[in-house]
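Enquirer: model this:
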Amino acid sequence: MRTWGRINQDSNGKGGTWVEVSTDANGFNDGVYLTTLIQTLKLNLGESPFFANYGIPAEQSVIQQIQPDYYINRAQQQFAPFFAALLLAKQAQIANQPAPTYAINVTTKSGYALTGPIPV
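Expert: Residues are numbered from 1 along each chain as shown. Here you go, the predicted structure:
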């Protein structure tokens, strides 16, 4: 199994290099699913020609100042079966920061735990 993800982007999502992420040597697809989850959270709703139900309405959320909780919850439900545990939780909005931010907590099926903020 494989997917593609972009690394070394600037803060505006410009530039970067596309890299392939494949099943690891032990047969775990954790990296593939984590990369796909991250790419899904970067997609605008309906942007993917193959998966129209992936993505979030990020631009509309920033303009309307309404966080995309429903779409984040839907992404969590779509990807939860691929991890031992997955939690995407809204963080408090920081003053003068237009991007809604969510905390991500992932425990992979191989037992590795990841946490961190993700601006959407």
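Enquirer: same question for stretch 82-96: list its buried residues.
Expert: By neighbour count with 16 or more other CB atoms under 10 Å, stretch 82-96 contains the buried residues F82, F83, L86, L88. Glycine gets a C-beta too; all of them are placed from N, C-alpha and C.
Enquirer: what's in contact with that stretch?
Expert: Here stretch 82-96 makes contact (CB atoms under 8 Å, 6 or more residues apart in numbering) with 29-30, 33, 37, 67, 69, 72-73, 75-76, 79-80, 100-109, 111, 117-118.
Enquirer: just checking, what packs against the longest helix seen in the chain?
Expert: If you go by DSSP state H, the chain has its longest helix at helix 30-42. Taking 3 or more CB pairs under 8 Å, 6 or more residues apart in numbering; DSSP states H and E as contact, the helices and strands that helix 30-42 lies on are strand 2-7, strand 17-22, helix 69-79, strand 113-119.
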